[in-house]
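Trainee: coords please:
(chains A and B)
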Amino acid sequence: MAESTPVDAGVPDRFVNPEVPPDSLPDPETLDWTPLHPRFARRCQVGALIPALVVGAVVGTCQFLFFAGGSFMAQRAPWLPALGWMIVGALLFRSLVWPLVATPRQGYVAREKDLLYKSGVFWRSVQAFPFNRIQHTMTDSAPLDRRFGLANLSVFPAGANAGHKIRGLGEETAERLRAYISERIKNEAATPAEYGHEPA
Amino acid sequence: MAMNPHDPEDWQRSSPFAIVFFVGSAFKVFRQILIQGGLPVVALVIAFWDNLGRMNVLLFLAAAVALMVLAGAVIQWACFRFRIGEDRLLIRKGFVKKTRVDLPYERTLGVHVQRSLVDRVIGLVTVTLDTSGSTQAEGRLPSIRTEAAHRLRARVAAALPTDAGPDAARDASDAADGCLAAPSRRGRVLIKLGPADMVRIGLGSRNFLFVAATIGILADLLQPGNLADPIREVVVDNATSAVSRLGALAQTALATMAILAVLTTALVLTVAAAFLRHHAFALWHDGSTFRSRSGLFTQREVVVETPKIQQLSVSQDIVMRWFKRFRLCALPAVANVAQGGGSPGNLDAAGALDIPLLSDRAVEELHARVFGEEAQNIAALPRSTAFKRVSPYYIRTLTLRIWLIAGLCLGLVSLALLPSGGFPNTWILIGWIASLPVAAGIAWQVWRRRGYARDEDGVATRSGFIGSKANAFLMRKAQSATLKQSPFQRRKGLATLQVQLACGSITVPYIDEGAARRLRDYILYKVETSQRRWH
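Mentor: Modelled structure (predicted):
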């Protein structure tokens, strides 16, 4: 085995990297989180209501077709329709109540160097996306989003194929945020220091 | 058949032998269609099943499909053109949907050369350009001439920015030229593996038990009642049979022999597989690139630029521990990471530099070479004492998780047995409750292996159950960071930190909330102030 050679990935002499006391770092938890668009909760309710209604229609049709008056299924599994309606009820409840609980706990904040996004009611998470690692950005909106004047913003760091989506921004906010991030990405890329020519 | 040898700058075609490759890709497309539209096919088979006369129709259909795949492959080959330009590789392909791929050399992460048996006989190579941010198969040139491969590699080597300037680029291009011809010009040999190492790799292979089990099942199928019964006796109730029926000594001996035969066959097979894949493994290092080559029939050559390596995984399972050897995988950024973070150590990821067997000193040396001056104090080996344990509350959560999953499985089993009334539910319940200590034991073992370590520039994590694995990365190469907290973690002041890299994600579970937050902020600080390229 050969003895180790000098470093390959050379660090230029002018590159300085002072140590930072960890306590002096900015703390994202004390940030002013921007809430999502106020109409987003309503949009989630409607979005979840549609599948719940579809399931309800399916259950109703099945009951009408297979469980009418002492049929074979009605004798074998009389509890099945009740179970179906319970599931429909749970779906309806969830679609109406859950968005009211979940959306106030989501939020984002765009800082100078990164974008933070928090979400989760029980299992909470805070995601951080540094601008100089974002490859590209994308906004999109489904018909339902447009109906409520909303749009979603996705950021794509390397390695994340589907990107990370921030849902429920106002159309204008999403566009402004996307433009801001693109601007930041360009700035970071324009820094002539890719190989270590540290600006003064 | 024009390979157009006159002007190398012009559009070129790959050799007709590439049709073999296109058959493969056409078949993949067809298989996807088959899986998506699988239901009608299954219905068709079932419809024809009882009427064997009509099976001919099915056979005819299969032949038609094979012909279509072949025709598709020939058309694909005929439409495939590539051009090795000054600063980019251009590919034109497609018959119905025309595609034009433009791959600037600067964007490539590495060049991989693969030679299948056919390629080697004919003297051709298959070259793949690894690019970031695009699907992986885009830059693949199947069965092209060696000269074209040389030129491509030289161009890529010249285009890649190296710290040492044009000299290094020239060296690299020289090395690229020589890499298919003269082994002496590929830089310094770091690791070479011989036949004895192949045996070790085969022994340490994870497939060993799987292969043994498969052979056992096959033997069982081939000789019902003859071979399998003694095996079952020994495996399932060896304790009772050995104690209570001493008279069955001969039977036991037979069973032992049968098991030994199965294990020996499995061993031979796995060692053969190791030879097939890793024969004459060699790792070279010159300036800024690592290059490995191995394989008995299909020769695989992987070239990875040191700055593009995102993560180092060092793993050691129980057999490797016995040999005091490790396996190291250097993962460059890949475009096709499974969604959801998946397994960062997906060791078969294409483009990864996989060193199947190396000593602890070699691991440390490679660490030093890859990370350069950064992260020199980071723990490289899984058994390093630098690793800090995660909170013991992790055991509780994991125990509950394993136990609940086991309960779910048992519940499904009891539901399945319900109509036959086979198994009393109370026993299943008792079994489930009794499995709690087992779950706790597993969780404890996993917790013991879990750990993390950090220095100024890098983070290392350790995980494993029977074996153990250490992942290390440079903080400045992180892509994003996520801090997660469950209700239980919030109550205990703990948090889970997940760092996404360009090759997957790394999780540090159940550490102190403040520490996790500080580490996350420090990683962000490192990323955001870093002026160096991450790939």
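Trainee: where does residue A:184 fall, helix, sheet strand or coil?
Mentor: When states are read from DSSP: H, G, I helix; E, B strand; the rest coil, the local structure at residue A:184 comes out as helix.
Trainee: give me the beta-bridge partners of the closest residue to residue A:167 other than its chain neighbours?
Mentor: Closest residue to residue A:167 apart from its sequence neighbours, by CB to CB, 6 or more residues apart in numbering or on different chains: residue A:152 at 4.7 Å. From N, CA and C alone the C-beta is placed, and that goes for glycine too. Residue A:152 forms beta bridges with residue A:140, as assigned by DSSP bridges.
Trainee: Residue A:152 reaches residue A:168, doesn't it?
Mentor: Yes: using CB atoms under 8 Å, residue A:152 and residue A:168 qualify as a contacting pair, with a distance of 7.2 Å.
Trainee: who's more crowded, the two?
Mentor: Here residue A:152 and residue A:168 are set side by side on neighbour count (other CB atoms under 10 Å in any protein chain shown), and the busier one is residue A:168, at 26 against 16.
Trainee: Contacts for the helix or strand bottoming out on mean pLDDT in chain A next, please.
Mentor: Using mean pLDDT, DSSP states H and E, helix A:72-76 stands out as the lowest-scoring helix or strand of chain A, at a mean of 74. Identification of contacts with helix A:72-76 by CB atoms under 8 Å, 6 or more residues apart in numbering or on different chains yields A:66, A:67, A:68, A:80.
Trainee: Is there proximity between the helix or strand just after that helix and chain B?
Mentor: The helix or strand immediately downstream of helix A:72-76 is helix A:80-102, counting by DSSP states H and E. No: remark: helix A:80-102 sits outside contact range of chain B, by CB under 8 Å from any CB of the partner chain, the gap being at least 14.0 Å.
Trainee: Now do helix A:80-102, average pLDDT.
Mentor: For helix A:80-102, the per-residue pLDDT values average out at 91.
Trainee: What helices and strands are in contact with that helix?
Mentor: helix A:40-66 (3 or more CB pairs under 8 Å, 6 or more residues apart in numbering or on different chains; DSSP states H and E).
Trainee: The helix it packs on packs against which elements?
Mentor: Contacts of helix A:40-66 with other secondary structure elements, assessed using 3+ CB pairs under 8 Å, 6+ apart, are made with helix A:80-102, helix A:143-147, strand A:164-170.
Trainee: For residue B:490, which residues are in contact?
Mentor: Contact criterion CB under 8 Å, 6+ apart gives residue A:124 as the residues in contact with residue B:490.
Trainee: May I see the buried residues of the helix or strand hosting it?
Mentor: When secondary structure is defined by DSSP H and E, residue B:490 falls within helix B:487-492. Buried residues in helix B:487-492, counting neighbours by 16 or more other CB atoms under 10 Å in any protein chain shown, are found at B:489, B:492.
Trainee: Likewise for stretch B:298-316?
Mentor: Under the neighbour-count criterion of 16+ other CB under 10 Å, stretch B:298-316 has B:298-316 buried.
Trainee: One more: stretch A:171-183?
Mentor: If you call a residue buried by 16+ other CB under 10 Å, then stretch A:171-183 has these buried ones: A:171, A:173, A:174, A:177, A:178, A:181.
Trainee: quick one: contacts of that stretch?
Mentor: Residues outside stretch A:171-183 that contact it (CB under 8 Å, 6+ apart) are A:37, A:110, A:115, A:131, A:134, A:137-139, A:141, A:146, A:149-153, A:155, A:169.
Trainee: List the contacts of residue B:271.
Mentor: Listed by CB under 8 Å, 6+ apart, the contact set of residue B:271 reads B:198, B:199, B:201, B:202, B:203.
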